[in-house]
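J.: Got a predicted model here, sequence first, then my questions.
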Amino acid sequence: MRKGFTRSFLFAASLAGGLMSQGALAADKVTYQLDWLPGGDKSPVYVGVQQGFFEAEGLEVSIASGRGSTDAITKIATGQADIGSADIGALMAAKAQDDSLPVKAVYSIFNQAPHAFFTLKKNGIAELTDIDGKKVATSPFTSSNAFLPLVLKGNGLAEDAVKLTKADPGALGPMLMNGGTDAIIAWVTNIALFADQAKATGNELVVLPWSDAGLELYSSSVVASDKFLSERPDVAKRFMRAFDKSLKFTHDNPRKAAEDLHSMVPEVDVDVVTAQIGDTMKLVVNSVSDRDGLGALTEERVALTWDWVAQAEKLEKGVLNPETVIDRDLLEAL
Amino acid sequence: MTESATNRSFVQLAGVGHRYDPNPDIPPAITGINLDIRRHEFVAVVGPSGCGKSTLLRMIAGLLKPSEGSVSVFGKEVDGPRDDVGIVFQKPTLLPWLTVRKNVLFPLKHKYGRYGREDEKRADELLAMAGLETFANKMPDELSGGMQQRVGIVRALLLNPDILLMDEPFSALDAMTREQIGFDLLKIWQENPKTVLFITHSISEAVLLADRVLVMSKRPGTVLEMVSVDLPRPRTTHTISNPHFGKLTERLRKHIYEPEVA
Amino acid sequence: MSLKLPDGKAGRFLLTAAPWLFFLALIVLWELVCQVFSLPEYVLPAPSAIVDAFFNVEFSRWMTHLWATLRVALMGFVVSILVAIPIAIAMMRSELLSRTLYPLLVVIQSTPVVAVAPLIIVLMGSDDPSRVLITCLLTFFPLVVSTATGINETPAELIELSRSLDAPTRRETWQIRIPYAIPHIFSGLRVAITLAIIGAVVAEFVAAEEGLGYFIQFSTSFFRIPQAFAGLFFLAVVSLLLFKSVQWAQQIFFPWSLPRK
C-alpha cells in the first residue's frame, strides 16, 4: 500500500516535472539590448525579470549591455538582439542615411530630452541665458553635442556663445567641482551622482534642463528589429505588455526596482540607483505622459523630434519621413 | 676508378672548381683543384682567408656540388650528402638543451630517431677516450670552450665515419688549449684511424698535426703546393723544437706570403 | 658620483628589496599628497580609499570578473600559440609563403585593434569567440616574429650537420630549429601574455557583461573612481603574475634556455 503510494507519487511528480520542464522549454527567448551599461535608467527591464512579469507572459529575457545607441541599433539590426533601448534621434539619423535599416521604435521611454547644463550655485548661472561666454565641458560622443547650438540659438544666443571643451565623461564632474569649467553638459538621469560630488566639495548643484529651454522631443525609446516584429508579433506584444508593467512598477517602487537591478548586477549600489531612478522617472512620467499616455509616440511629437534631429545632424528634413521609423502596433495592443 | 682506390687514393678531386655567382666577371671560389688523399691520411689545408678552404670541405661532404670537375670517395662520385663523414666546425655548435652524452648521440637520434644501449656505451667510450667521462651528464655550458670542442670531435666520431672533416676546429680556442687539444686529436686519430681533412689558419698547427699540408692560393683558390711533413710520429711537444719543424713552417710561410717568389 | 652597494648580505638584500621599497615609498607619497591637499577621491583616490573600495566588492564578484577576463586572455593566448608557431615554421620552410604572408601580418599588426573590435563584435556576435579573436589579433604577431627570428638564428653549421646526416626535414625542424627558437619564443610569450590581458580588456570595453575591463568601465560610469582604480590594480597584479608564470614555466621546463648566472 505504502509502496504503491510512493510509486504513484513519484509518477505524479515526474509527470508534473515533465510538464513543467516542457513549460520552461516553451518559454519564448527574447534578447534585450541596452544602449549602455546597466544603471538606474535601465532598471525597468531588470524589474521585469525579477518581478516575474516576463515569466508570466511566457518569456525568457536575457539582457546584453551596450556601448551607445548606435551600437545597440547595430546589434538589433544584425539580429544579435531582438529588441532594446536606443535614442530615437540616433535611429532617425541612421535611417535617414540608410533607408533599409530594419529597426523601428515601438515605445517611448523618455518623452523629454535628458540633456542639461550642470553648474554650481556659486558660478552664478541661474538660467540658460547666463551661460553666455562661459566655459562648458562635455564628453566627446554624447548626442547632446549636436543639440547644443540649437538650444543656444533658441534662447537668443550665438551658436558659439560658450567656450566648449571635450573631456572624458568620468572627468566632467571633477572638472566642474574644482573650477576647471563653469558648467558641464550631462543627462538629468545623473543628477544624484553629480549632486553627491558637489556636496562632498561643499557646493550646491544647479541643473538647467534643455527641455525647459524649448527642446521638445522623444529620446530613449524601445526599438525592435523588423524581423522580430514580423516573425514573432505575439512574442513582441507579450514583451511590451510586461515591459510597460515593469516601467510602471519602477516608477511606483524605485527602491524595489533598484534592489532588483542590484540582485542581477551586484556592482550597483541600491541607494545610488534609487536616486537615479527618481531622476530618470521625471523623463518618463510627466505632463507629456499625462497628456499622451505612457510610452506614446504621437505623430506630432515624432515629427517635432525629427525636426530637431534633422537640424542638429544638419540633414535635409525631406530625406526621411519620420513615421517610417515608428511602429505603433505594439502600443495599440497594450 | 676502383683502380685508383686500390692505388691507395681514397678521396680524389679531379679538376674541381666552384663558383657561387654565375656572373663570369666574378672569379670562382676555387678552380682546377686536383687532390688525392690516401686512406687514413691526415691532410691539413692552409691558405689566406676566403681562398675556398671551406668550399673544398663542403664538396667532399657532399653538401655542395662542384660546378666543374668531380669529387669521388673510394672510387664513387659524390653526388649528395654522405653519412660516412664526420664534420667538426669552428664553433663546437653543441645543442644547449642536451647533456654532453646526448649531444654525442645526437647524430644517431637525428638520423634514425633513436639509439640503443650499445650506442650509449660507445658514446661513453668515446667520451672516455677524450678524457670527458666525468662530464657525460653535464650541460654544454658547464664545460670550457676546449672541452666543448672535444665533445664536438667525439660527436663527429660517433657514426665511425671514414672521413673526418675539420673546419678550423681550434681557431676559437686560446693558444694553450689549442696545442693540448691538437695532441689529443692525434691520440684519438691514432686509436681510430681516419682520413682527416683539417682546415686551419695556423701553419705551425698544420705542420704539427698533418702528414701533408696543402697550400692554397688567394681567390680563386688553387693548389699552390703540397708539402709532405716528414716528421716522426707520435708528434709531441718535442716535435716543435725539432729544427726540421722550423724549416717546414718557414717554407710554408713563404708560400703563403710570397707565392710569386716561391 | 657613484652609489656603491654595501658588500655581502646587506648589499644583496638591498638589491632585492630596492624595487619593493621604492614602490612602498611611492604609495606613501601618494597617500600623503591625497591627505595633505585633501584631494576629492574622484580626482585622485588615495591608496587607502582604493584598498577600501577593493574590500567593499565581494570576493566572489572579483573572482567572477577575474575568471571572465582570464578565460578570454588565456584562450586567446593558447589559440595564438597554436596559430603563430605553425605559421612561423611554415614561413621558414617556404620562401613563397613567407613573402605572401608577411605583408598581411604587418597589415594586421598595424591595424588598431580598438578600431576593429566593434566590427568583429558585429560580425561574430558578442560572445567569447569574438573576444578571443580580438585577443589573438594582438598577441599572435609578436609570437610569429619571435618564433621566426629564433628559427632563423639556428647556427648554419647545425643545419649542415643535419644535411650531412641526410636526416628528414621534420627532424631538422623539431630537433634543431624549434629548440633553438625556444629562448626567442619565450620572449615572444612574455610579450604576448600581457597583450592577451590587454586584448581581453579591449574586447570587454566593446561588449561584455563581466570581466575586469567591464568592471572598470562600469565603475567609471557610476563615477566610482576608487573602485575603478581597485579594478585597475587588480588587473595589473594579474598581468604581472601571468608574466611571471611564463618566466617560471621557462625556468622549470627549459632551464638551459636562460643565461646561466
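T.: Happy to help now that I have it.
J.: Chain neighbours aside, what residue packs nearest to residue C:149?
T.: Leaving aside its chain neighbours, residue C:149 sits nearest to residue C:184 (5.2 Å; criterion: Cβ to Cβ, 6 or more residues apart in numbering or on different chains). C-beta coordinates here come from the backbone N, C-alpha and C atoms, glycine included.
J.: in what helix or strand does that neighbour lie?
T.: According to DSSP states H and E, residue C:184 maps onto helix C:178-206.
J.: how about the residues of chain A near chain C?
T.: Proximity of chain A to chain C, by Cβ under 8 Å from any Cβ of the partner chain, involves residues A:36-39, A:64-67, A:71, A:74-75, A:78, A:80, A:169-170, A:173-174, A:177-178, A:193, A:197, A:200-201, A:266-269, A:272.
J.: which parts of the longest helix along chain C are buried?
T.: Of all segments of type helix in chain C, defined using DSSP state H, the longest is helix C:59-93. Buried residues in helix C:59-93, defined by neighbour count with 16 or more other Cβ atoms under 10 Å in any protein chain shown: C:62, C:65-66, C:68-70, C:72-77, C:79-81, C:84-85, C:87-89, C:91-92.
J.: So what angle separates the directions of it and helix C:178-206?
T.: With axes from the mean of the first three to the mean of the last three Cα atoms, to 10 degrees defining the directions, helix C:59-93 sits at 130 degrees from helix C:178-206.
J.: for helix C:59-93, packing partners?
T.: helix C:95-110, helix C:128-152, helix C:178-206, helix C:212-221, helix C:225-253 (3 or more Cβ pairs under 8 Å, 6 or more residues apart in numbering or on different chains; DSSP states H and E).
J.: what about 7 Å?
T.: Based on contacts counted as 3 or more Cβ pairs under 7 Å, 6 or more residues apart in numbering or on different chains; DSSP states H and E, the elements that helix C:59-93 packs against are helix C:95-110, helix C:128-152, helix C:178-206, helix C:212-221.
J.: I'd like those laid out as CSV, including mean pLDDT.
T.: Output for these, formatted as CSV (pLDDT from 0 to 100):
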stretch, mean pLDDT
helix C:95-110, 89
helix C:128-152, 93
helix C:178-206, 94
helix C:212-221, 90
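J.: out of those helices, nearest to residue A:132?
T.: For these, proximity to residue A:132 was assessed by Cβ to Cβ; helix C:212-221 is nearest, at 31.4 Å.
J.: Export that closest one to CSV, keeping only CA atoms.
T.: Backbone C-alpha positions of helix C:212-221 (Å, rounded to 0.1, in the frame of the first residue of the first chain) are rendered in CSV as follows:
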residue,chain,number,x,y,z
LEU,C,212,37.8,43.2,-15.0
GLY,C,213,37.8,45.6,-18.0
TYR,C,214,34.0,45.7,-17.9
PHE,C,215,34.2,46.3,-14.1
ILE,C,216,36.5,49.3,-14.6
GLN,C,217,34.3,50.7,-17.3
PHE,C,218,31.2,50.1,-15.2
SER,C,219,32.8,51.7,-12.1
THR,C,220,33.6,54.8,-14.1
SER,C,221,30.1,55.1,-15.4
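J.: List the contacts of it.
T.: The contact list for helix C:212-221 (Cβ atoms under 7 Å, 6 or more residues apart in numbering or on different chains) reads A:37, A:39, A:170, A:267, C:65-66, C:69, C:200-201, C:204-205, C:208, C:227-228, C:231-232, C:234-235.
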